[in-house]
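In: using only what follows, build the 3D model:
(one chain, ligands or ions: 3)
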Amino acid sequence: MNTINQTLKQYYGYTSFRPGQQGIIEAIMSGRDVMGIMPTGGGKSLCYQIPAVEMDGLTLVISPLISLMKDQVDGLLSMGIRAGFLTSQLSLDQQNEIIRQAIRSEIDLLYVSPERLENDYFLSRLSQMNINLIAVDEAHCISQWGHDFRPSYQAIPKVRAYCSTYPPFAAFTATATQKVREDIAEKLELDDPYAFTASFDRPNLTFSIVHPKKKQQKLLDLLKDKESSVIYCNTRKNVERVHAFLKKKGYGVGYYHAGLTPEERTRYQEDFLYDKTPIIVATNAFGMGIDKSNVRRVIHYNMPLDMESYYQEAGRAGRDGAPAEAVLFYSSQDIITNNLLIEQGNHPHAKKNLNTIISYCKTGQCLRKIILDYFDETPQFETCDNCSNCNGETELVDVTKACQKILSCIYRMNQQYGMGLVTDVLRGKDNARIRAQGFDDLSTYGIMKESADQEIKDIIALMVSEQFLHVGGDQYPILKFTEKSVDLLHARSQLLMTRHQKAERTNTKQAAVEEYDETLFEQLRALRKDIAAEIGKPPFVVFTDKALMSMA
Ligand code: ADP
Ligand code: MG
Ligand code: ZN
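Out: Ligands and ions are numbered 1, 2, ... in the order given. Reported below is the predicted structural model:
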């Protein structure tokens with residue numbers, strides 16, 4: 001047995017390496033720059049920790065979150081590996097003590113935040129340390145093309161020059177698009193790196209898209225087993241609402257978002273990690289680097305904004321390799337919103353992200369295949385038998401006739417209204433607005449009264465995303481014809497819709513209540529922020545808040 005195998009056994013208690021780990025460790029120990037790309041839970045930490053133990057001197061680990069550093073260091077200490085971290089939460093005395101230990105090589109690993117690398121005092125001390133490796137965790141944060149861009153990561157490349165030893169860089173990430181990969185290597189100025197990319201397939205995860213009539217009821221069904229679960233919502237308010245709901249129903253549940261105090265966040269996070277509360281409801285602020293192996297389920301209560309963050313979040317389920325599920329709640333409102341964002345936005349990257357996730361949500365194909373395609377992997381299968389589409393939980397229905405009714409109605413309403421009012425007229429609803437406009441006299445008034453609101457909205461959403469309808473307007477989102485509309489109207493084109501969860505939809509007569517609320521605003525705000533971070537400029541205005549309001 002060679003020594004790295006012994007170290008694996010002795011400290012971690014594992015008998016064999018996972019794919020890629022050994023190669024990466026050997027490359028690091030031979031002094032080469034390294035880039036390790038593995039999915040969440042793939043085992044990246046050990047790839048720099050073992051060299052740190054094996055080699056003389058100190059490994060500097062750059063890590064984006066304090067909670068993450070603390071977890072890792074606690075874990076290492078409990079295994080008998082000497083490690084420490086520097087954060088501004090420590091007193092100056094404590095910080096100086098850690099720096100002293102690092103200079104004397106009394107620890108093997110020192111975890112720091114990227115911000116620390118902007119601190120002159122710290123930089124001046126680096127030359128006194130015998131640094132054998134700089135490990136960059138969550139390295140995609142350096143790329144503006146990634147979904148977690150952190151400006152302070154840009155301070156990392158120059159750090160090497162402060163070290164008397166000119167150590168190698170080892171960059172790790174679970175974000176795998178080619179563009180981000182290239183960007184990381186370029187930004188870190190990696191020199192002929194040894195690169196390893198693990199397969200992103202997670203065979204133990206069952207992917208599904210569900211389209212619940214009532215999201216909250218669906219949550220209760222899914223959570224019946226009380227297994228450890230993460231529920232991602234798009235806004236703080238939704239997080240709090242879903243949390244309050246589950247709590248009222250007697251679940252052991254915590255929550256997490258950026259609006260909580262650091263103490264609250266730590267408490268909820270730890271209660272979750274140690275299974276005191278098996279369920280956590282969170283925004284996407286939660287989870288980076290969290291190593292909880294027994295999460296059985298990740299639920300996306302709202303549609304995510306891009307595939308990369310979706311997969312990373314979903315990938316937090318089943319890290320122990322046992323069966324686990326990733327469930328995404330589909331809503332036609334989210335589809336419309338995202339289409340509007342695409343329509344009115346002007347950033348090609350955001351557009352591609354939104355488009356990808358929209359197609360994922362409405363596809364009838366194998367979900368796993370779509371994911372792997374996205375990550376530039378060529379899956380060896382057409383169907384995986386382990387996703388809601390392969391398991392036959394979806395059905396394809398021809399909605400051409402319904403589309404024709406919808407188009408006629410929009411036409412008769414002079415193409416000046418949004419989804420809500422068009423749906424009301426088709427259903428034959430009686431309200432002041434309809435009467436005032438005389439829509440109750442239209443020949444299309446009530447021609448879809450047998451259909452549920454949700455069904456009609458789903459079809460409209462699909463028509464928009466297939467460009468049979470255009471959604472635009474400066475003030476309000478208005479449905480208008482496109483060049484393709486007429487083909488559908490005359491049945492020269494046909495439109496098929498994937499229906500998720502067919503069993504649940506057999507008796508959906510009555511109007512479905514979807515939870516719209518301030519979701520749209522928050523989603524838009526988040527997107528604006530993303531885009532601002534990506535382009536390094538203040539965000540453009542996508543469309544007015546009033547326009548958003550009218551969609552709800
Ligand atoms: P990530 O790639 O997301 O950073 P981690 O490094 O946190 O993943 O590892 C995920 C889990 O896999 C951890 O619990 C870790 O101990 C475990 N693990 C890593 N390597 C191995 C291995 N060779 N054998 C068994 N378990 C491993
Ligand atoms: Mg990690
Ligand atoms: Zn499949």
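
In: can you pull out the low-pLDDT segments for the stretch 1-150 of the chain?
Out: 1-2 (pLDDT under 70).

In: give me the neighbour count for the closest residue to residue 193 other than its chain neighbours.
Out: Spatial nearest neighbour of residue 193, chain neighbours left out: residue 33 (4.2 Å); criterion: C-beta to C-beta, 6 or more residues apart in numbering. (Each C-beta comes from the backbone N, C-alpha and C, glycine too.) When neighbours are counted by other C-beta atoms under 10 Å, residue 33 registers 22.

In: for residue 33, give me its contacts.
Out: Counting by C-beta atoms under 8 Å, 6 or more residues apart in numbering, residue 33 touches 168, 169, 170, 188, 190, 191, 192, 193, 194.

In: for residue 111, same thing?
Out: Residue 111 is in contact with 61, 62, 63, 69, 72, 73, 83, 84, 85, 86, counting by C-beta under 8 Å, 6+ apart.

In: filter those residues to the buried ones?
Out: 61, 62, 63, 69, 72, 73, 83, 84, 85, 86 (16 or more other C-beta atoms under 10 Å).

In: dump the residues you listed to JSON lines, plus distance to ligand 1.
Out: Shown next, in JSON lines, are those (distance: C-beta to the nearest ligand atom, whole Å):
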{"residue": "61", "distance to ligand 1": "12"}
{"residue": "62", "distance to ligand 1": "14"}
{"residue": "63", "distance to ligand 1": "10"}
{"residue": "69", "distance to ligand 1": "13"}
{"residue": "72", "distance to ligand 1": "8"}
{"residue": "73", "distance to ligand 1": "13"}
{"residue": "83", "distance to ligand 1": "14"}
{"residue": "84", "distance to ligand 1": "19"}
{"residue": "85", "distance to ligand 1": "16"}
{"residue": "86", "distance to ligand 1": "20"}
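
In: what about those, which are in strands?
Out: Members of those lying in strands (criterion: DSSP state E): 61, 62, 83, 84, 85, 86.

In: so which of the residues you listed is the closest to residue 406?
Out: Of all those, the one with the least separation from residue 406 (C-beta to C-beta) is residue 62, at 53.3 Å.

In: excluding its backbone neighbours, what's nearest the closest one?
Out: residue 136 is the one closest to residue 62 (C-beta to C-beta, 6+ apart), at 5.0 Å.

In: pretty sure that neighbour contacts residue 60?
Out: No - between residue 136 and residue 60 there is no contact, the gap being 9.4 Å when judged by C-beta atoms under 8 Å.

In: in the stretch 451-552 of the chain, what residue lies closest to ligand 3?
Out: Taking C-beta to the ion, ligand 3 has its nearest neighbour within the stretch 451-552 of the chain at residue 498, 13.2 Å off.

In: er, the stretch 1-150 of the chain actually
Out: Counting by C-beta to the ion, the stretch 1-150 of the chain gets nearest ligand 3 through residue 39, at 17.0 Å.

In: ok, and the closest non-adjacent residue to that residue?
Out: Counting by C-beta to C-beta, 6+ apart, the residue nearest residue 39 is residue 200, at 4.9 Å.

In: which helix or strand contains the one you found?
Out: Counting by DSSP states H and E, no helix or strand carries residue 200.

In: how many residues are close by it?
Out: Residue 200, neighbours per other C-beta under 10 Å, totals 22.

In: give me the pLDDT value at it.
Out: Residue 200 is assigned 87 on the pLDDT scale.

In: cool, and the one 4 residues further on?
Out: On pLDDT, residue 204 comes in at 94.

In: ok, now residue 471?
Out: pLDDT at residue 471 comes out at 85.

In: so it sits in a strand?
Out: Yes - Residue 471 sits within a strand when classified using DSSP: H, G, I helix; E, B strand; the rest coil.

In: you'd agree it is up against residue 339?
Out: Yes - assessed by C-beta under 8 Å, residue 471 is found in contact with residue 339 at 5.9 Å.

In: tell me where the stretch 301-450 of the chain has strands.
Out: For the stretch 301-450 of the chain, strands defined by DSSP state E, counting those that start in this stretch occupy the ranges 324-329, 394-398.

In: sorry, wrong one. I was asking about the stretch 101-250 of the chain.
Out: In the stretch 101-250 of the chain, the strands defined using DSSP E, counting those that start in this stretch lie at 109-112, 131-136, 169-173, 194-197, 205-210, 229-232.

In: neighbouring strands for the third one, and are they parallel or not?
Out: If you go by DSSP bridges, strand 169-173 pairs up with strand 34-37 (parallel), strand 131-136 (parallel).

In: where does this structure have low pLDDT?
Out: Under the criterion pLDDT under 70, the flagged ranges of the chain are 1-2, 176, 289, 341-349, 474-475, 501-552.

In: residue at max distance from the center of it?
Out: Among the C-alpha atoms of the chain, the one most distant from their mean position (C-alpha atoms, centre = their mean) is that of residue 441, at 46.6 Å.

In: do you know how far the residue nearest the centre of the chain is from ligand 2?
Out: Residue closest to the mean C-alpha point of the chain, counted by C-alpha atoms, centre = their mean, is residue 309 at 2.5 Å. Distance, residue 309 to ligand 2, using C-beta to the ion, to the nearest Å: 15 Å.

In: so for ligand 1, which of the strands of the stretch 101-250 of the chain sits nearest?
Out: Proximity to ligand 1 (C-beta to the nearest ligand atom) singles out strand 169-173 among those, at 7.0 Å.
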